[in-house]
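J.: I need the structure of the sequence given here:
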Amino acid sequence: MKLVVQVKLLPTPGQALALEATLRACNRAATYASAVAFAEGLKDRNGLQKEVYADLKAGFGLSAQPTVRVVKKVVDAYATLKANLRAGNLGPSTSKRYRTAVGTPVVFRPGAAQPFDDRCLSWQYDARTVSIWTVDGRMKGVRFACSPDQLKTLVAYRKGESDLLQRGGTWYLIATCDIPDPEVYEPVDWIGVDRGIVNLATTSDGISHQGRRLGRYRRWQARKRADLQKKNTRSATRRLIRRAQKEKRHATHVNHQISKEIVSVAQRTGRGIAVEELGGIRDRVRLRRDQRGTLSSWHFHQLGQHLAYKAKKAGVPFLEVDAAYTSQRCPRCGHTGRANRPDRDHFCCRWCGLAGPADVVAGVNVRDRARSAWVFVTAPAPSP
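T.: Below is the predicted model:
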């Protein structure tokens, strides 16, 4: 499996200026190459490289290998755009966003990330430094900082490109690590996980990770954003961007904590993890106006991703099961009905009388469906 390790660079003021000039030059070159690719219809790497290689080296101060990386970056950007158009992520073909995407070349921000391969970037792990190509020449001895676990992962598994980027005035290197997949064990049972807004995650064991603190934090951030939006100044706009990034990081941290705890329990008890398949839920449900902001800021997909990759890294079985009626079905007698859930928090079967917290019942139903699904997943294929 592939993981990324983010390390913080600690350049001197002179080194920081060289890195900034390098990033800007590479992105200006990428924007130029993108315009040529759009005008000439060149979306393959070899064709575009033949067309722009000499111009990028002569006009933007790039050496040979960074020029190749810039061309690859442009080709990858158009491949990503094509995939997004095909998946409908930019709306229907009649939408303004879709027409803008197909009618204009891709433009790269001055501070967009730039990939460096092993010819342009080398790591000195013992000294905690890197040597990196810049427009001012090869720059050696740029210090970096990371945790001991990150350093261990870098030394053992780093492979391929590393991306240089600047975020909030701080420089980072994003390194790709290719970690071998551990063998997935045969689970003795399953932990069903019900994801929600009031309770971010509730397991079939009855453990609930509440979202009240995160909800209060988001409401507080919303009030602060409203105050800044009233000012309508450039400074207020910059602070709005910083606040949005801070809120996103906080929600990501919460999801990391929840997923880490659930995977740890599953690994310790020899069980697997099962979640509901919630793809497209925002398109399926209709909400009041005052509820739309809460649903749009619900990070259920990110929590599922964290659970999936942490489970894979630990060798824990992971399944997604059908989410239909998990909160309305009685796990004891199988009776399904809307009346079984009189309100958001409580479940009471109208047929057999089973009662309990609604989210726990949903988690139990997810667990039961995982038991059935795993039988089909592991069943041997029929002989021809």
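
J.: With residue 243 as the reference, measure out to residue 16.
T.: Distance of residue 16 to residue 243, given as Cβ to Cβ, to the nearest Å: 25 Å. All C-beta atoms are positioned from the backbone trio N, CA, C, and that covers glycine.

J.: now do the same end-to-end measure for stretch 192-208.
T.: Start-to-end span of stretch 192-208 (Cα to Cα, to the nearest Å) is 12 Å.

J.: ok, and what's touching it?
T.: Taking Cβ atoms under 8 Å, 6 or more residues apart in numbering as the criterion, the residues outside stretch 192-208 that touch it are 190-191, 209-212, 214-215, 254-255, 258, 262, 265, 273-276, 278, 294-295, 298, 300, 303-304, 307, 326-327, 344, 357, 359-360, 362-370.

J.: 6 Å - rerun?
T.: For stretch 192-208, contacts defined as Cβ atoms under 6 Å, 6 or more residues apart in numbering pick out 191, 209-211, 258, 274-275, 298, 300, 359-360, 362-364, 366-367.

J.: Would you mark the buried spots in it?
T.: Within stretch 192-208, the residues that count as buried by 16 or more other Cβ atoms under 10 Å are 192-196, 199-205, 208.

J.: Stretch 84-94 now?
T.: Neighbour-count burial for stretch 84-94, counted by 16+ other Cβ under 10 Å, picks out residue 90.

J.: Show me the buried residues of stretch 192-208 that map onto helices.
T.: Among the buried residues of stretch 192-208, no member is found in helices (DSSP state H).

J.: so which one among those residues has the lowest pLDDT?
T.: Scanning the buried residues of stretch 192-208 for pLDDT, the low point is residue 196. It has 83.

J.: what's the closest non-adjacent residue to residue 212?
T.: Spatial nearest neighbour of residue 212, chain neighbours left out: residue 198 (7.5 Å); criterion: Cβ to Cβ, 6 or more residues apart in numbering.

J.: Check the spacing between that neighbour and residue 308 real quick.
T.: To residue 308, residue 198 is 23 Å away according to Cβ to Cβ.

J.: likewise residue 207?
T.: 19 Å.

J.: now swap in residue 226 and tell me
T.: In terms of Cβ to Cβ, residue 226 sits 36 Å off from residue 308.

J.: what helix or strand is the spatially most central residue of the chain on?
T.: For the chain, the residue nearest the mean C-alpha position is residue 302 (6.4 Å; Cα atoms, centre = their mean). Using DSSP states H and E, residue 302 sits in helix 300-314.

J.: what about the strands in the chain?
T.: Assigned by DSSP state E, the chain shows strands spanning 2-10, 114-116, 121-124, 129-134, 137-145, 158-167, 170-178, 190-195, 199-203, 208-210, 272-276, 318-321, 346-348, 355-357.

J.: and those strands as CSV, adding distance to residue 221?
T.: Formatted as CSV, the strands of the chain follow (distance: least, Cβ to Cβ, whole Å):
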stretch, distance to residue 221
strand 2-10, 24
strand 114-116, 32
strand 121-124, 37
strand 129-134, 36
strand 137-145, 29
strand 158-167, 19
strand 170-178, 22
strand 190-195, 22
strand 199-203, 17
strand 208-210, 18
strand 272-276, 27
strand 318-321, 31
strand 346-348, 31
strand 355-357, 29
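
J.: and residue 33, which of these is closest to it?
T.: strand 114-116 (13.0 Å; Cβ to Cβ).

J.: helices or strands up against that closest one?
T.: Applying 3 or more Cβ pairs under 6 Å, 6 or more residues apart in numbering; DSSP states H and E, we find strand 114-116 packed against strand 158-167.

J.: what does the strand it packs on contact?
T.: With contact meaning Cβ under 6 Å, 6+ apart, strand 158-167 is reached by 111, 113-117, 121, 172-178.

J.: Right, I'll call it a day here.
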